[in-house]
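Participant: how would this look folded up:
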Amino acid sequence: MTITFLREAREAERIAVKCPGCSGPILVKYAERTRSREICPTCAQRILVQIYTRGMIVLD
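Facilitator: Numbering: from 1, shown residues only. Coordinates of the predicted model:
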């Protein structure tokens, strides 16, 4: 599990987060209080992305 904090959280933007497995970039649409399943384009690992308030992002 990886926890990341954004310095400036902005609505309706795509942000790049690092894959916990290979550190490759994953583009995620930023919207607070959402969760989605993403697939890393580099290593094909399935990742659960949870975005909370105040810019906290949890990758599992």
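Participant: next helix or strand past the lowest-mean-pLDDT helix or strand in the chain?
Facilitator: Every helix and strand in the chain was compared by mean pLDDT, DSSP states H and E; the lowest is strand 2-5, with a mean of 82. Later in the chain than strand 2-5, the nearest helix or strand by DSSP states H and E is strand 13-18.
Participant: returning to that earlier point: what helices and strands are in contact with the least confident helix or strand of the chain?
Facilitator: When contacts are defined as 3 or more Cβ pairs under 8 Å, 6 or more residues apart in numbering; DSSP states H and E, strand 2-5 packs onto strand 13-18, strand 56-59. Using the backbone N, CA and C atoms, a C-beta is placed for each residue, glycine as well.
Participant: average pLDDT across the first one?
Facilitator: Right, the one you point to is strand 13-18. Mean pLDDT, computed over strand 13-18, is 86.
Participant: cool, the shortest one as well?
Facilitator: On average, the pLDDT along strand 56-59 is 86.
Participant: now that strand, how far from the centre of its chain.
Facilitator: 6 Å (Cα atoms, centre = their mean, to the nearest Å).
Participant: what of the longest one?
Facilitator: When C-alpha coordinates are averaged (Cα atoms, centre = their mean), strand 13-18 and its chain have centres 6 Å apart.
Participant: just read off the phi/psi values of the residue of the chain most remote from its centre.
Facilitator: Largest separation from the mean C-alpha position in the chain: residue 43, at 15.5 Å (Cα atoms, centre = their mean). For residue 43, the backbone dihedrals (degrees, to the nearest 10) come out as phi -110, psi 0.
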